[in-house]
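> need a 3D model of the following:
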Amino acid sequence: MKKNRLKMPDQQNATDKPDTKTATLRTTLVLGGTGRTGSLVARNLAERGLNARTASRRGADVRFDWDDPTTYAPALDRADSVYLVTPVMRTKFAHQVAKFLDLAEIAGVRHVTYLSAYGSDRAPPDVDIHAVELELARRGSLSHAILRPAWVMQNFSDEHLPLIGGAITVPTGGGKEAFVDAADIAAVAVETLCNPEAHAGAQYAPTGPQSLTVGEVADIIASVIGRCVVHNDMDPNAWINGAVGAGFVPADYAVMLSWLTGTIIAGNGSRPNEDIEKVTGRPATSFRNFAKRNAAAWALRPAG
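Residues are numbered from 1 along each chain as shown. Next comes the predicted model:
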């Protein structure tokens with residue numbers, strides 16, 4: 001994995017930090033600006049004195065829809081950097097991203113931080129995650145940084161892997177994953193956007209500090225909320241077919257689910273590294289601390 005040698009916060013000088021006079025002139029377009037990481041990226045950029053323009057189909061500063069190219073240019077107006085989040089629940093999107101990047105170059109964007117996925121270079125050929133990385137690499141007018149995070153901890157506290165009947169249902173075959181807090185992913189992204197020159201060409205794989213089975217995750221949640229939680233490690237094909245059949249994911253997204261779960265089942269899940277601490281200067285969040293912070297997500301709802 002390629003990494004840049006970074007200065008830690010106590011080693012930086014004044015020229016490494018955004019100047020308050022020029023910072024007000026800089027704008028980062030945050031795609032997925034109402035999402036897990038995008039909303040945090042936008043908030044943290046604002047706290048650092050930079051303009052953050054959130055973009056989404058609804059509820060953001062500007063409307064942005066990958067299926068409506070007329071929304072691309074207005075969103076990019078006067079932006080000089082982009083937090084790139086590709087279409088969700090899709091496998092084919094590289095052609096849309098290429099058109100967007102064409103307009104980004106015309107608009108004067110100089111840096112892109114791309115939210116990819118852990119092990120993207122091993123993704124199935126009909127999944128465009130890695131193709132976007134290659135697209136960025138070939139564009140000489142844009143510097144870029146790539147984030148390849150592990151599975152996010154928030155999967156367990158939202159609708160992705162809900163706690164139903166005291167069970168977390170997902171096929172992992174007892175494999176482990178270094179689950180990462182979305183806040184830590186966002187923190188790494190913000191550093192690359194605040195100081196793009198220091199992170200040009202960087203490839204980071206944000207992970208949590210521990211490799212955990214989902215059974216171990218269930219045990220941690222149980223200890224925090226004070227009631228039994230178990231892992232239902234069901235057949236992967238049945239799980240994927242159920243998700244598609246219930247309309248939770250499009251049929252063509254099955255290949256993505258198969259890859260994501262199959263990687264863990266095969267024992268090739270993410271492993272802890274120090275990328276978060278190297279970039280941000282603070283350690284990655286443990287799952288126990290995440291669970292304590294989000295205990296309300298697993299609270300029992302009153303009947304009726």
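
> hmm, Val109 and Arg26 touching each other?
No - applying CB atoms under 8 Å, one finds Arg26 not in contact with Val109, separated by 11.2 Å. C-beta here means a position set from N, CA and C on the backbone, and glycine is covered the same way.

> overlap of the contact sets of these two?
Jointly contacting Arg26 and Val109 under the rule CB atoms under 8 Å, 6 or more residues apart in numbering are Asp80, Ser81.

> higher neighbour count, the two?
Neighbour count, other CB atoms under 10 Å: between Arg26 and Val109, Val109 has more, with 23 against 20.

> am I right that that one is in contact with Asp80?
Yes - taking CB under 8 Å as the definition, Val109 is a contact partner of Asp80 at 5.9 Å.

> show me where the stretch 101-250 of the chain has strands.
Per DSSP state E, counting those that start in this stretch, the stretch 101-250 of the chain carries strands over the ranges 111-115, 143-147, 163-164, 167-169, 203-204, 230-232.

> just name the shakiest helix or strand of the protein by mean pLDDT.
helix 20-23 (a mean of 40; mean pLDDT, DSSP states H and E).

> about what we covered before: Ala131 is nearest to which of the strands of the stretch 101-250 of the chain?
strand 111-115 (11.5 Å; CB to CB).

> would you mark the buried spots in that closest one?
Neighbour counts over strand 111-115 (16 or more other CB atoms under 10 Å) mark His111, Val112, Thr113, Tyr114, Leu115 as buried.

> strand partners (parallel or antiparallel) of it?
Strand 111-115 sits in its sheet next to strand 81-84 (parallel), strand 143-147 (parallel), going by DSSP bridges.

> what ranges in the stretch 151-300 of the chain fall below the confidence cut-off?
The stretch 151-300 of the chain contains no residues with pLDDT under 70.

> how about the helices in it?
Counting by DSSP state H, counting those that start in this stretch, the stretch 151-300 of the chain has helices at residues 182-194, 196-199, 214-225, 236-245, 254-265, 275-280, 287-293.

> nearest to Met89, out of the ones you listed?
helix 254-265 (8.4 Å).

> for the closest one, packing partners?
helix 236-245 (3 or more CB pairs under 8 Å, 6 or more residues apart in numbering; DSSP states H and E).

> now the helix it packs on against helix 254-265, angle please.
150 degrees (axes from the mean of the first three to the mean of the last three CA atoms, to 10 degrees).

> list the helices and strands helix 236-245 packs on?
helix 254-265.

> for the helix it packs on, C-alpha coordinates in PDB please.
Extracted in PDB, the C-alpha atoms of helix 254-265 (Å, rounded to 0.1, in the frame of the first residue of the first chain):
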ATOM      1  CA  ALA A 254     -26.000  -9.300  -5.500                       C
ATOM      2  CA  VAL A 255     -22.500  -9.600  -7.000                       C
ATOM      3  CA  MET A 256     -21.300  -6.800  -4.600                       C
ATOM      4  CA  LEU A 257     -22.900  -8.500  -1.600                       C
ATOM      5  CA  SER A 258     -21.300 -11.800  -2.600                       C
ATOM      6  CA  TRP A 259     -17.900 -10.200  -2.800                       C
ATOM      7  CA  LEU A 260     -18.100  -8.300   0.400                       C
ATOM      8  CA  THR A 261     -19.300 -11.200   2.500                       C
ATOM      9  CA  GLY A 262     -17.200 -13.700   0.600                       C
ATOM     10  CA  THR A 263     -14.100 -11.800   1.400                       C
ATOM     11  CA  ILE A 264     -14.700 -12.200   5.100                       C
ATOM     12  CA  ILE A 265     -15.800 -15.800   4.800                       C
END
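
> hey, which of the strands paired with strand 111-115 is tucked in deepest?
strand 81-84 (a mean of 26; mean count of other CB atoms under 10 Å).

> show the average pLDDT along that strand.
Strand 81-84 carries an average pLDDT of 98.

> any idea how many residues pack against Cys228?
Residues near Cys228, counting by other CB under 10 Å: 11.

> now the phi/psi pair for it, please.
For Cys228, the backbone dihedrals are phi -70, psi 130 (criterion: degrees, to the nearest 10).

> tell me the contacts of it?
Counting by CB under 8 Å, 6+ apart, the residues that Cys228 touches are Gly166, Ala222.
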